[in-house]
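K.L.:
Coordinates for the following, if possible.
(one chain, ligands or ions: 1)
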Amino acid sequence: MQRLDKYLSEAGVESRRKIKDIIRAGRVCVNGTVVTIPEQKLEESTAVVTLDGKEMLRGSRMIVLMMNKPAGCVTAASDAKEKTVMEYLPKEYKRLMPIGRLDKETEGLLLFTNDGYLAHRLLSPKRGIEKTYYAEHEGTVTQEDIDRFADGCILKDGTKCLPAVLEKLGEGKCLVRVREGKYHQVRRMMASLHKPVRYLRRISEGTLELKDLPLGMTRELTKEEIQQLESVNFDEKFF
Ligand code: URA
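P.N.:
Next up is the predicted model:
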């Protein structure tokens with residue numbers, strides 16, 4: 001048996017003092033029941049402990065996996081109708097969760113982890129990790145388009161985007177670098193220029209690049225890569 005606050009500390013959730021506050025605030029569940037007493041004992045080998053709904057795995061090795069997602073599958077843990085990204089995970093990684101999402105028809109770099117706390121931090125909009133997309137689209141990128149992205153383009157529904165980088169690669173081909181993750185962001189940004197996207201692939205996220213990972217395949221990040229990912233531009237206090 002182990003104390004709940006110690007369990008969370010071993011799961012990588014910040015300092016013991018903050019953990020006590022988090023537990024007292026009712027954000028932690030053990031086997032589906034909210035527990036507000038930091039000293040409460042639990043059976044660590046079988047208990048399912050969640051923080052804000054995300055499972056916390058005590059003392060387990062933090063895993064971050066990179067996938068080269070193929071088109072034609074949705075980013076979801078399960079789906080009644082569609083094929084999901086989980087079907088491309090090797091057996092031993094089935095408990096990992098995707099960090100963020102790519103559209104069904106978008107290919108490319110998608111991360112997974114077993115660490116709810118890391119996922120939560122990486123997804124914070126304040127963190128603003130740069131993501132680069134390769135796009136094939138209708139029409140030709142002009143200097144005016146590049147300037148509109150740099151100023152923060154306005155989508156057809158009036159949503160204002162953060163400044164982004166648009167780089168022309170050739171006729172109907174470009175790179176788009178964004179620091180946010182709105183729904184269908186790149187497709188909608190390109191559509192606002194009247195240049196609908198025909199093909200989209202995420203090629204990098206922060207310091208990580210897809211490089212030559214084959215489509216549908218995964219690889220674990222090294223410790224150094226995880227450290228770099230965690231340190232990029234992280235000045236937000238989560239707790
Ligand atoms: N922008 C999109 O339009 N789709 C994605 O999957 C990711 C970014």
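
K.L.:
mean confidence score for stretch 29-46?
P.N.:
Across stretch 29-46, the average pLDDT comes to 90.

K.L.:
so who does residue 110 touch?
P.N.:
Residues near residue 110 by C-beta atoms under 8 Å, 6 or more residues apart in numbering: 66, 67, 68, 69, 75, 85, 98, 99, 100, 101, 102, 202. In this view, the C-beta of every residue, glycine as well, is placed from N, C-alpha and C.

K.L.:
of those residues, buried ones?
P.N.:
Burial by neighbour count, 16 or more other C-beta atoms under 10 Å: within the contacts of residue 110 this picks out 66, 67, 68, 69, 75, 85, 98, 99, 101, 102, 202.

K.L.:
about what we covered before: mind checking which of the contacts of residue 110 are in strands?
P.N.:
Counted as lying in strands by DSSP state E, out of those, are 66, 67, 68, 69, 98, 99, 202.

K.L.:
Out of those, which is nearest to the ligand?
P.N.:
For those, the minimum distance to the ligand (C-beta to the nearest ligand atom) is 6.3 Å, reached by residue 202.

K.L.:
Show me what the closest one bridges to in the sheet.
P.N.:
Counting by DSSP bridges, residue 202 is bridged to residue 108, residue 133.

K.L.:
Looks like it contacts residue 101 (just checking).
P.N.:
No. Look at residue 202 against residue 101 with C-beta atoms under 8 Å: they stay out of range, at 10.6 Å.

K.L.:
Quick one: end-to-end distance for stretch 122-141.
P.N.:
Taking C-alpha to C-alpha, to the nearest Å as the measure, stretch 122-141 stretches 31 Å from start to finish.

K.L.:
Stretch 189-198 now?
P.N.:
OK, stretch 189-198 end separation, C-alpha to C-alpha: 13 Å.

K.L.:
now check that stretch, is it near the ligand?
P.N.:
No. Stretch 189-198 does not reach the ligand (C-beta under 6 Å from any ligand atom); its nearest approach is 6.9 Å.

K.L.:
quick one: average confidence on that stretch?
P.N.:
Taken as a whole, stretch 189-198 carries a mean pLDDT of 97.

K.L.:
wait, what's in contact with residue 174?
P.N.:
For residue 174, the contacting residues are 134, 135, 137, 141, 166, 167, 168, by C-beta under 8 Å, 6+ apart.

K.L.:
now do 10 Å
P.N.:
The neighbourhood of residue 174, defined by C-beta atoms under 10 Å, 6 or more residues apart in numbering, consists of 133-137, 140-141, 145-146, 149, 165-168, 186, 190, 195, 197.

K.L.:
what pairs with it across the strands?
P.N.:
residue 135, residue 168.

K.L.:
wait, does the one helix or strand in the chain whose mean pLDDT sits lowest contact the ligand?
P.N.:
The helix or strand of the chain with the lowest confidence, counting by mean pLDDT, DSSP states H and E, is helix 116-123 at a mean of 79. No. Figure legend: helix 116-123 not in contact with the ligand (C-beta under 6 Å from any ligand atom); closest approach 13.6 Å.
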